[in-house]
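>>> fold the stuff below for me.
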Amino acid sequence: MSFALYIAQRIHFSKGDESQRVSPPAIRIAIAGIAIGLVVMILSVAIVIGFKKEIREKAIGFGGHLQIHAMANNKTYETVPVCIDDTLLNAIGGVSGITSVKRYTTKPAVLKTYDDFLAIVIKGEDEVTPDSFFGKNLKEGSLPETDRDILVSQVIADKMHLKVGDRVRLYFIRADQDANQFQLGGDDLSVKTRQLHISGIYSSHFNEYDKMMIVGSLEMLQGVNSWESDMASGLEINITDFAKLDDRYYDLIFAVNGLHDRRGTAFHVQTIEQLNPQIFSWLDLLDTNVWVILILMATVASFTMISGLLIIILERTSMIGVLKSLGCSNYELRKVFLYVATFLIGKGLVIGNIIGIGLCLIQHFFHVIKLDPENYYLEWVPVSINVVEILSINIGTVIIALAVLILPSALVANISPVKAIAQNG
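Numbers count the residues shown, from 1 in each chain. Below you'll find the predicted structure:
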């Protein structure tokens, strides 16, 4: 054991007469500053990561990580179809990191009941499974089993006074599938109607979609649009790792580059971030808030440690004088007090981790803190405990705290051994 570490342990673990010492309260404040700062940082990171993850998964649930659709499609839900064949699917299959590929079709419609109507968008899928996004968010009833079954959101059901088992009528304005323009009938716009059965009600609490989106059969929408069986609005593609979204995006662009369907339609690839720029820009802003909190907490913890270390040094001036008179260098003495600071920081980290991670676990399993889904899209505060993030916070706290203590520890160089011993005598 080194000399500096030995002396630091004697200082830190020495009980002595605490009633005659000034340092114990300052030490407790310094440890509390580290612990509280760490708790706030852990909670901030866990909540923001959890919130971003939940909102991101909701957006992905409605549109997939990536979409491939017709180059001519605009940003409306009335789409130009693409013909999906083995050539396209084989090209996509050559891209690594893809977990699922499914066809989808969207179409605007008017939902009509006996006494009310509502503009909605119906999304058609080949099959809605229990482990799919809508399957996991099913609140009542069952998943669609026939091309006449639909899922409506809780928001639409409440607004239109609908329940499982009700029958509703959807009115579709007929559109030209190539030019994407409305066709005029004899006296009015040409419309098609379908009477559909509500098999279930879902709720994602993602109001941007819940207030307008219902889920039905892809085959039914193909019939409404007079499309052939291989036609759809596009493909939704999910990947294994969201962090590699841009990589998979460029891989898919390269894979489908130059491909056309049998009708000569070119393919276009988009990410969920490009499809929902406002949502993801808002989520990116949360990172700025986290950095502000981390900087503030690190600053507060550093100042409490500086004050605590200065008090410890001033209280030990006589010891410093004796050690200097015995030949101890300023460098060794600075190491002594930096070791003492490390012990205090370690205590603060242990306490802070126990409290911070404990609060995260309580919220994760028991959902103590609730949220208003109308404003936050979630029923409770989400937390995501990431080991790498927590280790990074701990390591960063230690580095910052020790770095800011290097300068205050230089105070030992200004203590004269003669004056220190004389004052003690």
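>>> only C-alpha atoms for contact and neighbour calcs from this point on.
Fine.
>>> all strands for the protein, in order.
66-70, 82-83, 98-112, 117-125, 138-141, 149-153, 167-173, 191-202, 213-217, 231-232, 234-239, 267-271 (DSSP state E).
>>> now render those strands as CSV, adding mean pLDDT, mean neighbour count and distance to residue 361.
Formatted as CSV, the strands of the chain follow (pLDDT from 0 to 100; neighbours: other Cα atoms under 10 Å; distance: least, Cα to Cα, whole Å):
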stretch, mean pLDDT, mean neighbour count, distance to residue 361
strand 66-70, 95, 24, 33
strand 82-83, 96, 23, 47
strand 98-112, 95, 19, 30
strand 117-125, 95, 20, 37
strand 138-141, 96, 16, 26
strand 149-153, 97, 26, 31
strand 167-173, 92, 18, 44
strand 191-202, 94, 19, 28
strand 213-217, 96, 25, 34
strand 231-232, 96, 24, 44
strand 234-239, 97, 22, 28
strand 267-271, 95, 20, 33
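>>> low-confidence ranges, this protein, go.
1, 15-23, 74, 174-189, 417-425 (pLDDT under 70).
>>> what residue is smack in the middle of it?
Central residue of the chain (Cα atoms, centre = their mean): residue 52, 2.1 Å from the mean position.
>>> mind giving me the packing neighbours of the biggest helix by length in the chain?
Counting by DSSP state H, the longest helix found in the chain is helix 23-63. Contact here means 3 or more Cα pairs under 8 Å, 6 or more residues apart in numbering; DSSP states H and E; on that basis helix 23-63 packs against helix 133-136, helix 272-275, helix 277-315, helix 330-366, helix 387-409.
>>> which strands or helices does the first one pack on?
Contact analysis of helix 133-136 by 3+ Cα pairs under 8 Å, 6+ apart lists helix 23-63 as its packing neighbours.
>>> distance from the helix it packs on to the middle of the chain?
13 Å (Cα atoms, centre = their mean, to the nearest Å).
>>> got the angle between it and helix 330-366?
40 degrees (axes from the mean of the first three to the mean of the last three Cα atoms, to 10 degrees).
>>> show me what contacts the residue lying closest to residue 113 once chain neighbours are set aside?
In space, and not counting its chain neighbours, residue 113 is closest to residue 168: 5.8 Å by Cα to Cα, 6 or more residues apart in numbering. Residue 168 is in contact with 111, 112, 113, 195, 196, 197, 198, counting by Cα atoms under 8 Å, 6 or more residues apart in numbering.
>>> verify the contact between the fifth one and residue 149 for me.
Spelled out, it's residue 196. Yes: in this structure, residue 196 is within contact of residue 149 by Cα atoms under 8 Å, at 6.0 Å.
>>> shared neighbours of these two, anything?
Here residue 196 and residue 149 have no joint contacts, going by Cα under 8 Å, 6+ apart.
>>> sorry, back to before: next, format the contacts of residue 168 as CSV and append distance to residue 40.
CSV is the format used below for the contacts of residue 168 (distance: Cα to Cα, whole Å):
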residue, distance to residue 40
111, 48
112, 50
113, 51
195, 54
196, 51
197, 50
198, 46
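>>> and the strands of the chain as TSV, adding distance to residue 373?
As requested, the strands of the chain are exported to TSV (distance: least, Cα to Cα, whole Å):
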stretch	distance to residue 373
strand 66-70	26
strand 82-83	36
strand 98-112	25
strand 117-125	21
strand 138-141	15
strand 149-153	14
strand 167-173	27
strand 191-202	14
strand 213-217	17
strand 231-232	33
strand 234-239	26
strand 267-271	26
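>>> for those, which one sits closest to residue 337?
strand 234-239 (51.4 Å; Cα to Cα).
>>> list the helices and strands the closest one packs on?
Using 3+ Cα pairs under 8 Å, 6+ apart, strand 234-239 sits against strand 66-70, strand 98-112.
>>> what sits up against it?
Outside strand 234-239, the residues within contact range by Cα under 8 Å, 6+ apart are 63-70, 81-82, 84, 97-105, 245, 248.
>>> can you get me a residue count around residue 377?
Using other Cα atoms under 10 Å, the number of residues around residue 377 comes to 18.
>>> these two touch, right, it and residue 205?
Yes: between residue 377 and residue 205 a contact is recorded at 4.8 Å, counting by Cα under 8 Å.
>>> give the residues shared as contacts by those two.
Counting by Cα under 8 Å, 6+ apart, nothing touches both residue 377 and residue 205.
>>> for residue 171, which non-adjacent residue is closest in space?
Using Cα to Cα, 6+ apart and skipping residues adjacent in sequence, the residue nearest residue 171 is residue 193, 4.5 Å away.
>>> and if you look at residue 94?
Excluding the flanking residues, the one nearest residue 94 by Cα to Cα, 6+ apart is residue 255, at 7.7 Å.
>>> what sits against that neighbour?
By Cα under 8 Å, 6+ apart, the residues touching residue 255 are 91, 92, 94, 95.
>>> dump the residue contacts of the residue lying closest to residue 165 once chain neighbours are set aside.
Sequence neighbours aside, residue 198 is the residue nearest to residue 165 in space, at 5.3 Å (criterion: Cα to Cα, 6+ apart). By Cα under 8 Å, 6+ apart, residue 198 lies in contact with 149, 150, 151, 152, 163, 164, 165, 166, 167, 168.
>>> mind redoing it with 6 Å?
When contacts are counted by Cα atoms under 6 Å, 6 or more residues apart in numbering, residue 198 is found next to 149, 150, 151, 164, 165, 166.
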